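>>> Fold the following, please.
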Amino acid sequence: MSIVPTTTTPDEAATTTLGDLLYARGSEAYLLERDWVALVEAIAAGDQLALRALYERTHRLVFTLTMRIAGNRQIAEELTLDVFHDVWRRASNYDTAGGSVIGWIMNQARSRAIDRLRFEQCKKRVNPHGDESPAASSDSVESVELNEHGRQLQHALAVLTPQERQAIETAFFSELPYAEVAARLNEPLGTIKTRIRSGLMKLRKALGTEVNQS
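Numbers count the residues shown, from 1 in each chain. Just a heads-up that it's a prediction; the model follows:
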């Protein structure tokens, strides 16, 4: 069983409506629901001509939907063929109580397209050695720079006394005014100011950059 896809342009896929696709060929393309069901029953019996007839009348619908979900023409074409292979294999399972033939086909198309989209997204997340986008490369550079700055800061903090480091961390990391730092550490306000001032001077010298006081 083979199906040769009919070319659909990206513009057609983006703008054509369901009604346009169903009735693009006028009365020749129109079928009653019982006729759609008859096609599926013939496919279930192994009639490849019936599959061809169903494909010719519905493949543009399937391609349009999968293109809109996947956003990729090549993937949409692959999914379209996959859907009709599924129709060929599963025609005997079709139940009219579950909805129309078109609805049955489109549900299969939607399900396949969403599964494929999730697979592609998952593949990108778990493939750290794949090609990196400029944004990913930029993030890597920034990560290296942050790690280097962190190493320098840790080295600079080592020059502080425990009291100076405690006062600075309480004031800046907790974003507290000096008076609240003094109250939290149970120290005089003047002592806290002196420790912070002396500690910042040491950090400036160690880092070689200016550290702004609050």
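
>>> Please parse the protein into its domains.
10-125, 135-207 (automatic domain parsing).

>>> Out of those, which is the most enclosed?
Of all those, domain 10-125 carries the top mean neighbour count, a mean of 16, counting by mean count of other Cβ atoms under 10 Å. (C-beta placed from N, C-alpha, C; glycine too.)

>>> average pLDDT across it?
Per-residue pLDDT values across domain 10-125 average out to 82.

>>> Show me where this protein has its helices.
10-15, 18-22, 33-44, 48-70, 73-90, 101-125, 134-157, 162-168, 178-185, 189-207 (DSSP state H).

>>> And the contacts of the third one?
Counting contacts by Cβ atoms under 8 Å, 6 or more residues apart in numbering, the residues outside helix 33-44 that touch it are 31, 49-51, 53-54, 87-88, 91-92, 94, 96, 100-102, 104.

>>> can you rerun that using 7 Å?
50-51, 53-54, 87-88, 91-92, 94, 96, 100-102 (Cβ atoms under 7 Å, 6 or more residues apart in numbering).

>>> now do the longest one
Outside helix 101-125, the residues within contact range by Cβ under 7 Å, 6+ apart are 36-37, 40, 58, 61-62, 65-66, 69-70, 75, 79, 82-83, 86-87, 94, 98.

>>> Please report how far the closest residue to residue 96 other than its chain neighbours lies from residue 64.
Take residue 96 and drop its neighbours on the chain: the residue closest to it by Cβ to Cβ, 6 or more residues apart in numbering is residue 37, 6.0 Å away. Per Cβ to Cβ, to the nearest Å, residue 37 is found 23 Å from residue 64.
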